[in-house]
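Visitor: Would you be able to build a 3D model of this:
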Amino acid sequence: MKPTDSEMEILQILWEKGESSVRSVHEELNKKDAGYTTTLKLMQIMLDKGMVSRDTSAKIHLYKALLSKEQTQHKFLEKIINTVYNGSTTRLVMQALGNKRASKEEIELIKEYLNNL
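Guide: Modelled structure (predicted):
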């Protein structure tokens, strides 16, 4: 299951803040001029899709992400590698490193990771 851009924004908030009410998520999204009913509707759709769960035991319903950040990042990355880079991780890495200057610490982490492969 691939979340839409709007659903990804909500998942990012839930991953960062943990279990949250619609109002709490909306306040974060409101920085981007999202309407409350839009936030509520999106979260209801995400509930129907199985992306989030909802605890209705209290007056304020709390939502929690059911998709893990790591799984979602993996799915998106896999799709990008296959569709944009014809399955070549080398092209992806070269493009990523060429587009944004990596810090010395990041380069060392990359080297360490490659050495461990």
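Visitor: what helix or strand is residue 53 on?
Guide: Using DSSP states H and E, residue 53 sits within strand 52-55.
Visitor: Buried residues, that strand. List them.
Guide: Neighbour counts over strand 52-55 (16 or more other CB atoms under 10 Å) mark residue 52 as buried. C-beta: built from backbone N, CA, C; applies to glycine.
Visitor: I'd like the next helix or strand past that strand.
Guide: Next along from strand 52-55, by DSSP H and E: strand 62-65.
Visitor: Output the contacting helices and strands for the strand holding residue 53.
Guide: When contacts are defined as 3 or more CB pairs under 8 Å, 6 or more residues apart in numbering; DSSP states H and E, strand 52-55 sits against helix 5-17, helix 36-49, strand 62-65.
Visitor: Can you tell me which of those is packed in deepest?
Guide: Each of these was scored by mean neighbour count; the highest is strand 62-65, a mean of 19, by mean count of other CB atoms under 10 Å.
Visitor: residues making contact with the following helix or strand past it?
Guide: Sequence-wise, the next helix or strand downstream of strand 62-65 (DSSP H and E) is helix 69-84. Defining contact as CB atoms under 8 Å, 6 or more residues apart in numbering, one finds that helix 69-84 is touched by 2-3, 8, 11, 15, 87-89, 92.
Visitor: Kindly recompute the last result at 7 Å.
Guide: 2-3, 11, 15, 87, 89, 92 (CB atoms under 7 Å, 6 or more residues apart in numbering).
Visitor: So residue 9 is in contact with residue 29, correct?
Guide: Yes. In terms of CB atoms under 7 Å, residue 9 counts as a neighbour of residue 29; the distance is 6.4 Å.
Visitor: if we can go back for a sec, now tabulate the helices and strands packed on strand 52-55 in CSV and tack on mean pLDDT and distance to residue 80.
Guide: Below are the helices and strands packed on strand 52-55 laid out as CSV (pLDDT from 0 to 100; distance: least, CB to CB, whole Å):
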stretch, mean pLDDT, distance to residue 80
helix 5-17, 93, 14
helix 36-49, 94, 21
strand 62-65, 97, 21
